[in-house]
Structure formats: structure tokens, C-alpha cells
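K.L.:
I would like the atomic coordinates for the input below:
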Amino acid sequence: MSLFDSVDYHYARYRPRLPDEVVQLLARELDEAKAPTLLDLGAGTGQVALSLLPALPPTAHLDLVDQDSGMLRTALDELRPHLGKRTATAHTVPAEKFVPARPGYGADLITCCRAFHWMDRPAVLAMADQMAAPQAAFAVMGDGSLWTHQAEWTTALKVLIQSHLGEDRRAGTIGTYREPGRRYEDDLANSAFSEIAEHHIPFTRSWTPRGVLGYLRSTSFARPDLFADHARFEDQAQELLLQQARDGVLHEDGVFTVLLARRPGAAR
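P.N.:
As a prediction, the model looks like this:
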């Protein structure tokens, strides 16, 4: 069973999309491509694709790669009404196993958002080297999570989760989360994409208590089947969030980090 089985609804509805400034940064990578191809790894329910779609020309093609078929079905359902003449293909495989559906393939931009830590990173980067166009960039992106965010309300929420599940951050049904053994920058530096530009983009998000509860259902650290009594946890979480909210709103001020990596000497 996939780590995120049965959560595609909550993932699609409550996982945040990319900030506008991140969209603009990535879209500039595709300015010179007449018919750009976006390869999104760990695509989930299409947060990256849906964010970028308005910035892509009608000639664009999107390849979405994820091991979870339910998430990819949801991603295509979300994308279809907005594709226009653009095309999209879903690939239900691990990222390193991606094989394009057409010969002569060359992705103009490869993205991996909030998912690189789950992957066999050296194998993924080796695959990307085979699938990327000569001038392509590989973008590794993330903004942490409500587990890592430091605010009064997120800290109180984390303490509540820990009171149910234990001190360690959970991942899946029995395991605990382990930080990557090496930095993403080091993974990239040891790959074909060793020329790295790092971007830190501040953002502010507004959450409702209901939105936070929906988000938590989509996470590896607070998914419903981890709890002995999930209904009790959600009642407690809702009470906590309502107490913490100002006029029904909870604010998250964070930084979206984008590592834009390319082959040495590749023109931008």
C-alpha cells in the first residue's frame, strides 16, 4: 500500500500550490521553448502542474510521475478542465523508473516539489540526465510543513499530535521520519546537474481550521490511520485551532526554497 493511499481527495483540496513568485521563476525557464515539456516528479494530485498551467503556452506538454495511481487520476481530473490545447500524461511509476511515451524525448524543465526526500535521489538524478533537454533545469522545491513551521498555533498543534502519536514524527503506519542523510545540494552537486542557483522566496498563507484538518489528513505524520481515536484527535485539534485563530484565520509565514540546477555551461 502506498504511503498516501486514500488521501488524494484531501491532498488535492488542502495541499497548497506554488506561490506566484515561484511560478514566475519556473516559467522563465521555459521562455525559449516553443513547445515546452514539463516533467513533474512526485506529482501527487498536480499542485505543481496546476500552479504552472496558466503560465504555459498552448503547445506545452506535461508528464506527471507518481507511484500513487489514485493521486494521478485526481491530478488529471483537476487538470482537464484547464488544459485547453495543452496535453498531459500520467505515469504510475517510481520517479527513477520514468520512461517517456514518445521517442526523442527531452524535458525542458524537471520539477520535484515536497517529494525529493522520499526518493532514491541518485537514481532519480541519473534518470533526469537521460530525459532532460540540453538546456533544461532540474528544480527541487519545498516549503517545510506545518510540523516544522514555527508559530504559536503550529507549535501547539504539534504538541497535540505528539500527545497522541509519541514524540517522534511519524511516517506511514509504523515508521518514523528520518531526515535525509545528505543535503539536496550535495545530491545535485554529485549529479549531472551540478550548477546550482538557490532561491528563497517568502510567502504568507492563510488557513481556516477546517483547511488545517484537511491538510493533516493528507500528511504522513497525522494521517487518520495513525490514530487510535482519530475523531477524538480532530475534535481536540479543531478546538485548539478555533482558539488560536483570529477572526477564523490562521497565518503561516514561511519561505519557499527552490534549488534550480543545470548542467555546467548550459545556457539559460
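K.L.:
put the alpha carbons of stretch 87-100 into PDB.
P.N.:
Taking C-alpha atoms only, stretch 87-100 is exported to PDB below (Å, rounded to 0.1, in the frame of the first residue of the first chain):
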ATOM      1  CA  THR A  87      -1.600  17.800 -23.200                       C
ATOM      2  CA  ALA A  88      -0.900  15.800 -20.100                       C
ATOM      3  CA  THR A  89       0.200  12.200 -19.500                       C
ATOM      4  CA  ALA A  90       0.200  10.300 -16.100                       C
ATOM      5  CA  HIS A  91       2.900   7.700 -15.400                       C
ATOM      6  CA  THR A  92       2.300   5.500 -12.300                       C
ATOM      7  CA  VAL A  93       5.900   4.500 -11.600                       C
ATOM      8  CA  PRO A  94       8.600   5.500  -9.200                       C
ATOM      9  CA  ALA A  95      10.400   8.600 -10.400                       C
ATOM     10  CA  GLU A  96      13.600   6.800 -11.300                       C
ATOM     11  CA  LYS A  97      11.600   4.400 -13.500                       C
ATOM     12  CA  PHE A  98      10.100   7.100 -15.700                       C
ATOM     13  CA  VAL A  99      10.100   6.200 -19.400                       C
ATOM     14  CA  PRO A 100       8.600   8.700 -21.900                       C
END
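K.L.:
contacting residues around it?
P.N.:
The set of residues external to stretch 87-100 that reach it, using C-beta atoms under 8 Å, 6 or more residues apart in numbering, is 39, 41-43, 49, 60-69, 72-73, 75-76, 79-80, 101, 112, 115, 119-120, 123-124, 126-127, 131. For glycine as for every other residue, the C-beta is placed from the backbone atoms N, C-alpha and C.
K.L.:
list the buried residues for that stretch?
P.N.:
For stretch 87-100, the neighbour count (16 or more other C-beta atoms under 10 Å) marks Ala88, Ala90, His91, Pro94, Ala95, Glu96, Phe98, Pro100 as buried.
K.L.:
and the helices in the stretch 101-250 of the chain?
P.N.:
121-131, 152-165, 184-189, 209-217, 230-244 (DSSP state H, counting those that start in this stretch).
K.L.:
buried stuff in stretch 242-253?
P.N.:
Taking 16+ other C-beta under 10 Å as the neighbour-count basis, stretch 242-253 is seen to contain the buried residues Gln244, Ala245, Leu250, Glu252.
K.L.:
out of these, which are inside strands?
P.N.:
The subset of the buried residues of stretch 242-253 located in strands under the criterion DSSP state E comprises Leu250, Glu252.
K.L.:
closest one to Val258 among the helices of the stretch 101-250 of the chain?
P.N.:
With C-beta to C-beta as the criterion, Val258 lies closest to helix 184-189 of the helices of the stretch 101-250 of the chain, at 10.9 Å.
K.L.:
now stretch 224-231: buried residues?
P.N.:
Leu226, Phe227, His230.
K.L.:
got a list of what the closest residue to Leu125 other than its chain neighbours touches?
P.N.:
Using C-beta to C-beta, 6 or more residues apart in numbering and skipping residues adjacent in sequence, the residue nearest Leu125 is Ser191, 3.8 Å away. Contact criterion C-beta under 8 Å, 6+ apart gives Pro122, Leu125, Ala126, Ala128, Asp129, Ala261 as the residues in contact with Ser191.
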